[in-house]
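>>> Generate a structure from the sequence data that follows.
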Amino acid sequence: MIKDVKVIPWCISCKNCETVCPKVFKVAPKSKIISHDYDWIESEILMAEAMCPVNVIKVDKKWDVKISFKEAKVLEKKMLNHDVLEITFSTKKFKFKAGQYISLQQKDLVGKFSRSYSIAKADENSFTLNVKLLNKWRWSKFLRNLKINDKVTYLWALWSFYLKNTDNKKVFIATGTWLAPMIAMLDKADPKIDKTVIFWVRYEEDLYYIEELKKYENTKVIIKVSRPGEKYKKNKWRVTDELSHIKENDEVYICGNPEMVESVKEWLINRGHSEKLIFNESFTISRVYPWFWKDIIFNWNIPWINIFSWLVIIFSLTFIPFSWFYNSINNNLYGTYLWLDNFMWFMYDLSWWSVVFVMAIRPLSDLFPKLGILNKLVSLRKSFWILSSSIIVVNFIWPMILDTSKVLSYFSMSKWWFYMPINNRLSEITALILLFTSNHLSQVKLGIWWKRIQRTSYIYFITWWIAAWLYAPLKIYPYMAVVIVLWFLALTWLKIWK
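A predicted model of the protein is given here:
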C-alpha cells in the first residue's frame, strides 16, 4: 500500500510521470501531485518513480518493493493490418497475469521516453505486443525501425487489470489495439466458460485477429465498425449498442481510450451492474510530436543537448589532462597553446564561467518556469560541474603524479595555513569530490548521501570566488552578486508566492 507520494525540487519536466500515471502527476510546467487517491494505481506510481531520470519522485510505501528495468530482444515482426504491428520480444523468466501491460523505455536525441503496451501473448521466454503505427508518434517510429535482435528496455510490475479466476461469464470490450490484453485473457480463460468479445474499430481495414478470435471455444464474437463498408453495415456503430445483453453476474473487462472506458462503466453502473464485476484499463493517447523545428523552437526540445553534454564530459576528461601534462613537461603552462594566448588563464576562465552557469541555471529555471529552454539547460549542470572541477583537480593532481614528493608536502602546514592556502585547498578537495560523484553510479550507490555530498558545490563555488576575486575583482563581483540574488529569490520569494 502506498502512503504518500511527493515531488521534490529539481524536476526537469520530462513528462514521463504524467505519461505513466496521469491520475496522480501533472507537469505544468513542472511535475506536481494532483491526486492522493492511490488505490488501484500503485504499480503506475512505482513505475513513475523508477522512470524518473532525476529521481525527484519519492514514494512512501508500507512494504519493501522494487521494480527494475530488464532487457528484451526483437524476435519477430509482422503487420496485422495496414497500421498495426505485431512485435515479439525474447527475454528470460518472464511472468505476467493475462491482461497486464509493460512499459518500454528508450532514449533518442531529445531524451528519454516511455510508453505502455498491453501484452497480447507471452510465455516464460517471450512476449508479444500490438502497436499502432502512426508517423507522428515517437514510439511508432522507434518500433517500426527496430530490426531482429535489436534490444529494448522494459519495466514490468503487478497491474490491477487481469483475468479473474472465477466461473462467471466473461465479457471483453475493446477498441483498436486495446484488443491485445483480451487476446491474452482468452488464451488463459477456461474454455468451458461462456465468453463474449465486443471489438470496435473505425474502418474495416482496421480489423485484425478476427480469425483467431473465432477459434476460442464458447466465445461469441461481435464486431462493430463505426464507418463500415457493405460487409459490416449491419454491425454499424459502437460497442455500447451491445451492452443491454450483459447480465447481472457477468464479469466485464474493458480496455480502450479513457472516454470509451468511462462511458461503458457509467452505462453499466447506472443500470445496476455491480462495480466489483467491472474491470478496466484505460491508456492515455500517445503524445503526438510536432514538426522537428517547431518542437525545437516552441517546446525547446533540443535534440543534440545530450550529445553536447557528453562532448563536454569527454573534453573535460581527455583534452584538459592531456594538455596540462603536455604544457607542464614543456614548461609552457602559461604560454601559447593551439589557439590560446595563455593556456592556464584560459582554463581558469573556463572553470569559473562553468561554475557560474551551474549555480545560476537552477534558480533561473525556478524563477522562469515557462521558459522551456531553461529547464533543458538544467540537464547540462552535471557536465559543466565535471568541466569546472576537472580543471582544478588536474592542476593539483598532475604535479603529484609527476613528483611524488609533493603528495606529502600537500598535507604540510604551509599548504593549509590560514586564509588563502586553506581556501585554495578546500576548493581543490571539493572539486575532487564533485568530479568523482557527478555520475549516475555514484547517485545510485550513495543514495540519500549523494544529494548531501553534492551540497559541497556551495563550498566549491564560494572558495573559487574568493580565490578568483584577487585576480579579477571587476569580472568576479558582478556575476557573484547576480548568482546570490537569483538563489535568494528562488529560495524565498518563490516560496512566499506559491
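
>>> Give me the three-state assignment for residue 311.
Classification of residue 311 by DSSP: H, G, I helix; E, B strand; the rest coil places it in helix.

>>> typed the wrong thing, it's residue 198
Secondary structure, three-state DSSP: residue 198 is strand.

>>> check contacts around it.
Shown in contact with residue 198 (CB atoms under 8 Å, 6 or more residues apart in numbering): 171, 172, 173, 174, 222, 224, 239, 242. All C-beta spots, glycine's among them, are computed from the backbone N, C-alpha and C.

>>> helices or strands next to the strand or helix carrying the third one in the packing?
In the assignment (DSSP states H and E), residue 173 maps to strand 170-175. Applying 3 or more CB pairs under 8 Å, 6 or more residues apart in numbering; DSSP states H and E, one finds that strand 170-175 makes contact with helix 180-188, strand 195-201, strand 251-256.

>>> quick one on the thing from earlier: tell me the one among the contacts of residue 198 nearest to residue 151.
Among those, residue 174 lies closest to residue 151 (CB to CB), at 29.5 Å.

>>> Adding distance to residue 21 and mean pLDDT, write the helices and strands packed on strand 170-175 out as JSON lines.
Shown next, in JSON lines, are the helices and strands packed on strand 170-175 (distance: least, CB to CB, whole Å; pLDDT from 0 to 100):
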{"stretch": "helix 180-188", "distance to residue 21": "18", "mean pLDDT": "92"}
{"stretch": "strand 195-201", "distance to residue 21": "26", "mean pLDDT": "90"}
{"stretch": "strand 251-256", "distance to residue 21": "17", "mean pLDDT": "90"}
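
>>> Export these to CSV and append columns for distance to residue 82.
Output for the helices and strands packed on strand 170-175, formatted as CSV (distance: least, CB to CB, whole Å):
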stretch, distance to residue 82
helix 180-188, 17
strand 195-201, 12
strand 251-256, 20
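
>>> wait, what's in contact with residue 7?
Applying CB under 8 Å, 6+ apart to residue 7 gives the contacts 17, 25, 30, 31, 32, 33, 56, 57, 58.

>>> so which of these is the most crowded?
Counting by other CB atoms under 10 Å, residue 17 has the largest number of neighbours within these, with 28 neighbours.

>>> That one contacts residue 30, correct?
No. At 10.5 Å, residue 17 and residue 30 do not qualify as touching, with contact defined as CB atoms under 8 Å.

>>> Now the biggest helix by length in the chain: buried residues?
Looking across the chain with DSSP state H, the single longest helix is helix 343-367. Neighbour-count burial for helix 343-367 flags 343-344, 347-348, 350-352, 354-359, 361-366 (criterion: 16 or more other CB atoms under 10 Å).

>>> where does the stretch 351-498 of the chain dip in pLDDT?
370, 372, 414-416, 418-420, 469-476, 493-498 (pLDDT under 70).

>>> ranges for the helices of it?
For the stretch 351-498 of the chain, applying DSSP state H, counting those that start in this stretch gives helices covering 372-378, 381-402, 405-409, 413-416, 420-437, 440-446, 448-454, 456-469, 473-488, 494-497.

>>> Residue 277: which of these is closest?
When the helices of the stretch 351-498 of the chain are compared by CB to CB, helix 440-446 sits nearest residue 277, at 43.5 Å.

>>> circling back: among the contacts of residue 7, which two are most distant?
For the contacts of residue 7, the maximum inter-member distance is 14.9 Å, found between 30 and 58 (CB to CB).

>>> ok, back up a step: the strand holding residue 173 pairs with which strands, parallel or anti?
Next to strand 170-175 in the sheet, as set by DSSP bridges, lie strand 195-201 (parallel), strand 251-256 (parallel).

>>> among the ones you listed, which is nearest residue 6?
strand 251-256 (30.7 Å).

>>> What is the neighbour count of residue 257?
Neighbours around residue 257, by other CB under 10 Å: 15.

>>> residues contacting residue 325?
For residue 325, the contacting residues are residue 398, by CB under 8 Å, 6+ apart.

>>> Three-state assignment for residue 73, please.
Secondary structure, three-state DSSP: residue 73 is strand.

>>> Then residue 59?
Put simply, residue 59 is strand when judged by three-state DSSP.

>>> Is it correct that it is in contact with residue 46?
Yes. Counting by CB under 8 Å, residue 59 does reach residue 46; the two are 6.3 Å apart.

>>> Need the residues touching each of those two.
With CB under 8 Å, 6+ apart, residue 59 and residue 46 have common neighbours residue 2.

>>> So for these two, which residue has more residues nearby?
Higher neighbour count among residue 59 and residue 46: residue 46, with 23 against 17, using other CB under 10 Å.

>>> will you turn the strands paired with strand 170-175 into a markdown table that also has distance to residue 410?
Listed next are the strands paired with strand 170-175 as a markdown table, based on distance: least, CB to CB, whole Å:
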| stretch | distance to residue 410 |
| --- | --- |
| strand 195-201 | 73 |
| strand 251-256 | 66 |
